[in-house]
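Participant: here's a sequence, model it:
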Amino acid sequence: MRFGSVVSIGTMAGALPVLAACGAGLQAFGVNPNAGAPMARTPATESVLHSFGAPGDGALPVAGLIDAGGTMYGTTTLGGRRVGSLCSVTGCGTVFSVTPDGKEAVVYAFSGSDGADPSAGLVDVSDVLYGTTSYGGTRGQGTVFSVTRSGKERVLYSFGKKPDGQMPVAGLVAAGDTLYGTTFYGCANDTGCVFSISRSGREKVLYSFKADSYGDGAYPEAGLTEVGGKLYGTTGGGGSGAGTVFEIALTGKERVLYRFASYGGDGRSPDSALVARGGTLYGTTLSGGTNNFGTVFSVTRDGKERVLHRFHGVPDGLTPFGGLVDVGGTLYGTTWQGGMKSGESDAGVGTIFSIAPSGKERVVYAFAGPPDGALVHAGLIEVNGALYGAASSGGAYPEKDCPAGYADGCGAIFKLTL
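Facilitator: Model (predicted):
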């Protein structure tokens, strides 16, 4: 489950157990994450553009940014406290804008009945932003919403009525005039589904996953990628028990391209959307690989998979929640932890890395924690030659005042100049 949902669900009825907690994976894997010497890093300049946490501002951004007309937009899972909301202590989350020079504004603050815990990014269609919330809405099981850049929000659909989906933790993709997405739970087998929804709010379940016993996927956490009129995505479970890469036609016909093996150095639990480059799909897995710290992989559209890189923990990085971005033929991504700098004794609070399609990987930047960013859950975007992203923790705002009550800060927006 996505980190943003884990932290904030306590404010909503029907909260789910924590599946990914800060630092828990390091001990659970039974290895020393501090083993090894720090790796050489490619010089890069990083700067924090905005620190979350001021009263009324958002907190804990776990989704990536989008560029729409020169301004970037994103979501925070917490913050934006509104009087009378269902999440009055922490806030139900926000949609925000931020300029390349760091001027940030809350576009919309959720109240619960209109959605809560937006843990996915946005998509811009004809100057309107569309997204999902993991919780809230009429039945408390999440929503699809639209919001204008001026802040006018509308709930297009509320999930939770059987055999519909529940808990859409992933964002949407537009294909033509229709939006497509996934839900983590619900649908025919309670293992999630792929759905379509018109911009007017007409929703339809295209495919319900069948889970492990059928070799099918289960529990999709990542958004979809459209390539050549078909959708491609990943499931965190199902297949052989370690997740899948799948293809689905816009008509709903699904095919499993690859089942992760979870042994022999293969990846396990893909959690991020895929990026297409030259007919090949690239992605990351949360765990698996040589040290169970995650991988970068490629898979062709006929199902041939290759592990490009196996993370080593520290200082290489571990747990790559976010997806990849293609910048001039090189892929860039983030890790949630790792990146210990020389002289440090802890595991590190995340990295930005680059990787060539051939598999050569380098650490570009290691986060330092407050006032720098920390625990980067989201992928990156490229705007005018620079990389921008959101760190779910860290930032310069005083930790004691963070509306999330989160000990490591409320999060930050950062820029990386290569």
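Participant: next, Leu308: phi, psi?
Facilitator: As for Leu308, its main-chain torsions (degrees, to the nearest 10) stand at phi -90, psi -40.
Participant: that one touches Ser298, doesn't it?
Facilitator: Yes - Leu308 is within contact range of Ser298, at 5.8 Å (criterion: Cβ atoms under 8 Å). From N, CA and C alone the C-beta is placed, and that goes for glycine too.
Participant: need the overlap of contacts for the two.
Facilitator: Jointly contacting Leu308 and Ser298 under the rule Cβ atoms under 8 Å, 6 or more residues apart in numbering are 282, 357.
Participant: in stretch 216-226, what counts as buried?
Facilitator: Of all the residues in stretch 216-226, those buried under the rule 16 or more other Cβ atoms under 10 Å are 216-225.
Participant: now for Phe308: which residues touch it?
Facilitator: Check again: residue 308 is Leu, not Phe. Contacts of Leu308 (Cβ under 8 Å, 6+ apart): 282, 295-298, 355, 357-359, 361.
Participant: what about the stretch 101-250 of the chain, any weak spots by pLDDT?
Facilitator: By pLDDT under 70, the low-scoring segments of the stretch 101-250 of the chain are 212-213.
Participant: show me where it has helices.
Facilitator: With DSSP state H, counting those that start in this stretch as the definition, the stretch 101-250 of the chain shows no helices.
Participant: give me the buried entries from the contacts of Leu308.
Facilitator: Neighbour counting by 16+ other Cβ under 10 Å classes 282, 295-298, 355, 361 among these as buried.
Participant: pLDDT added to those residues, as JSON lines?
Facilitator: Formatted as JSON lines, the buried ones among the contacts of Leu308 follow (pLDDT from 0 to 100):
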{"residue": "Tyr282", "pLDDT": "97"}
{"residue": "Thr295", "pLDDT": "96"}
{"residue": "Val296", "pLDDT": "97"}
{"residue": "Phe297", "pLDDT": "96"}
{"residue": "Ser298", "pLDDT": "97"}
{"residue": "Ile355", "pLDDT": "96"}
{"residue": "Glu361", "pLDDT": "94"}
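Participant: from the buried residues of stretch 216-226, which is closest to Asp127?
Facilitator: Within the buried residues of stretch 216-226, distances to Asp127 taken as Cβ to Cβ reach their minimum at Gly223, with 20.6 Å.
Participant: and the closest one, how far is that from Gly238?
Facilitator: 17 Å (Cβ to Cβ, to the nearest Å).
Participant: same check, this time on Ser354
Facilitator: 31 Å.
Participant: please apply the same query to Ala68.
Facilitator: The gap separating Ala68 from Gly238 is 34 Å, by Cβ to Cβ.
Participant: scan the chain for its longest strand.
Facilitator: Scanning the chain for the strand with the most residues, using DSSP state E, yields strand 280-288.
Participant: what strands line up against that one, and which way round?
Facilitator: strand 267-270 (antiparallel), strand 275-277 (antiparallel), strand 295-300 (antiparallel) (DSSP bridges).
Participant: let's see it as PDB, backbone CA atoms only.
Facilitator: The C-alpha trace of strand 280-288 is given here as PDB (Å, rounded to 0.1, in the frame of the first residue of the first chain):
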ATOM      1  CA  THR A 280      10.100  -1.300 -24.100                       C
ATOM      2  CA  LEU A 281       8.500  -0.700 -20.700                       C
ATOM      3  CA  TYR A 282      10.700   0.300 -17.700                       C
ATOM      4  CA  GLY A 283       9.700   0.200 -14.000                       C
ATOM      5  CA  THR A 284      10.800  -0.400 -10.400                       C
ATOM      6  CA  THR A 285      10.000  -3.000  -7.700                       C
ATOM      7  CA  LEU A 286       9.800  -2.200  -4.000                       C
ATOM      8  CA  SER A 287      11.700  -5.300  -3.000                       C
ATOM      9  CA  GLY A 288      13.300  -8.400  -4.500                       C
END
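Participant: what residues of it count as buried?
Facilitator: Those buried within strand 280-288 under the rule 16+ other Cβ under 10 Å are 281-288.
Participant: turn those into TSV, including distance to Lys415.
Facilitator: Below are the buried residues of strand 280-288 laid out as TSV (distance: Cβ to Cβ, whole Å):
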residue	distance to Lys415
Leu281	28
Tyr282	23
Gly283	24
Thr284	22
Thr285	27
Leu286	26
Ser287	29
Gly288	31
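Participant: return the member of those residues nearest to Gly53.
Facilitator: Leu286 (27.0 Å).
Participant: now that closest one: how far from Val307?
Facilitator: From Leu286 across to Val307, the span is 14 Å (Cβ to Cβ).
Participant: and for Phe297?
Facilitator: From Phe297 across to Val307, the span is 5 Å (Cβ to Cβ).
Participant: spell out which residues are contacts of both of the two.
Facilitator: Both Phe297 and Val307 are contacted by Gly267, under the criterion Cβ under 8 Å, 6+ apart.
Participant: for Val123, which of the strands paired with strand 280-288 is the nearest?
Facilitator: Proximity to Val123 (Cβ to Cβ) singles out strand 275-277 among these, at 15.2 Å.
Participant: just the mean pLDDT for the closest one, thanks.
Facilitator: For strand 275-277, the mean per-residue pLDDT is 94.
Participant: which one among the buried residues of stretch 216-226 gets closest to Thr191?
Facilitator: Taking Cβ to Cβ as the measure, Ala218 is the one of the buried residues of stretch 216-226 closest to Thr191, at 3.9 Å.
Participant: tell me the contacts of the closest one?
Facilitator: 191-192, 209-212, 235-238.
Participant: can you lay out the residues you listed as a markdown table showing neighbour count?
Facilitator: Converted to a markdown table, the contacts of Ala218 look like this (neighbours: other Cβ atoms under 10 Å):
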| residue | neighbour count |
| --- | --- |
| Thr191 | 23 |
| Gly192 | 31 |
| Phe209 | 28 |
| Lys210 | 16 |
| Ala211 | 19 |
| Asp212 | 17 |
| Thr235 | 30 |
| Gly236 | 27 |
| Gly237 | 21 |
| Gly238 | 27 |
